[in-house]
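[1] here are the coordinates; sequence isn't available:
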């Protein structure tokens, strides 16, 4: 696996201020790296901070503390961001969970796909914006007849494919997908996940895939980070984390994966993670490349059956 670092996150923290004195810490001092050309998964329950991390990486949110480097560029610094703005806006693309709100309802599909190229004054590789939009649509498995439709005339899966085509039209180096299939039917989810896998292998872009469905992460990702209450509690290769989980919360998540056999499903025991707040935790390398947030002596976290 390529170990050239593309994204380097150090001690990232982000708070949402409710009032002048009250704030919620959505991301709490996390550090990780994403290697060039890999598929990195970020998992955790709703409210764990996954989407906040993605928005910080894309400069949608400005972190409360910590730093994020992209190709060695400190993108949270205003001066460095301005100096590299065009590169950062073109080489990083994001696909959101809700395709209905992420696509302009007043624009036709052809216009939606071409818009980023027009904004960034990029000459279409295939000669015209119309031909480029047609190519991208066919590339994500849709007929060119959809180009003249509005998003409201498309199904959820079709809208998400348009969002993917729009992102790929910029030939991104980093693609961030924030729970891109969560709102789709199960059969459509499988189609989109297979499309992602095919596109990543063909393009070789670096892919940050955010989800709460562990089966999808196991199928798609090279490495995975597990988040809980704003903290990253475990990080490693997908194979290692799934076969040898070390943190109790990771074990709880894995124990909740449904079993296809109805008899085994009824008999299995799901772990319940019990958490007591404590700062007595430290990030340790359990084995090469496998990191775990471990409680120091005297901690009270446990998992019960």
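    Yes, it's here. A quick note: this is a predicted structure, and the numbers were derived from the prediction, not measured.

[2] shaky segments in the stretch 151-300 of the chain?
    257-280, 296-300 (pLDDT under 70).

[3] where along it do the helices fall?
    156-168, 186-203, 214-220, 238-243, 248-255, 262-267 (DSSP state H, counting those that start in this stretch).

[4] okay, those in a markdown table with mean neighbour count next?
    (Glycine included, C-beta is placed from N, CA and C.) As requested, the helices of the stretch 151-300 of the chain are exported to a markdown table (neighbours: other CB atoms under 10 Å):
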| stretch | mean neighbour count |
| --- | --- |
| helix 156-168 | 23 |
| helix 186-203 | 15 |
| helix 214-220 | 18 |
| helix 238-243 | 18 |
| helix 248-255 | 20 |
| helix 262-267 | 9 |
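
[5] between those, which one is closest to residue 19.
    helix 248-255 (30.1 Å; CB to CB).

[6] elements contacting the closest one?
    In this structure, helix 248-255 makes packing contacts with strand 223-228, strand 231-237, strand 272-274, strand 302-304, judged by 3 or more CB pairs under 8 Å, 6 or more residues apart in numbering; DSSP states H and E.

[7] quick check: angle from it to strand 231-237?
    Compare the direction of helix 248-255 with that of strand 231-237 by axes from the mean of the first three to the mean of the last three CA atoms, to 10 degrees and you get 60 degrees.

[8] now do helix 248-255: distance to the chain's middle.
    The chain centroid and the centroid of helix 248-255 are separated by 20 Å under CA atoms, centre = their mean, to the nearest Å.

[9] contacts only, for residue 230.
    The contact partners of residue 230, taken as CB atoms under 8 Å, 6 or more residues apart in numbering, are 25-28, 30, 48-49.

[10] between all of the residues you listed, which two are separated the most?
    Longest span within these, CB to CB: 25 and 48, 12.1 Å.

[11] which of these two has more neighbours?
    Ranked by neighbour count (other CB atoms under 10 Å), residue 25 and residue 48 place residue 48 first, with 23 against 16.

[12] same list (the helices of the stretch 151-300 of the chain) but as JSON lines, adding distance to residue 132.
    Shown next, in JSON lines, are the helices of the stretch 151-300 of the chain (distance: least, CB to CB, whole Å):
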{"stretch": "helix 156-168", "distance to residue 132": "10"}
{"stretch": "helix 186-203", "distance to residue 132": "15"}
{"stretch": "helix 214-220", "distance to residue 132": "27"}
{"stretch": "helix 238-243", "distance to residue 132": "34"}
{"stretch": "helix 248-255", "distance to residue 132": "41"}
{"stretch": "helix 262-267", "distance to residue 132": "48"}
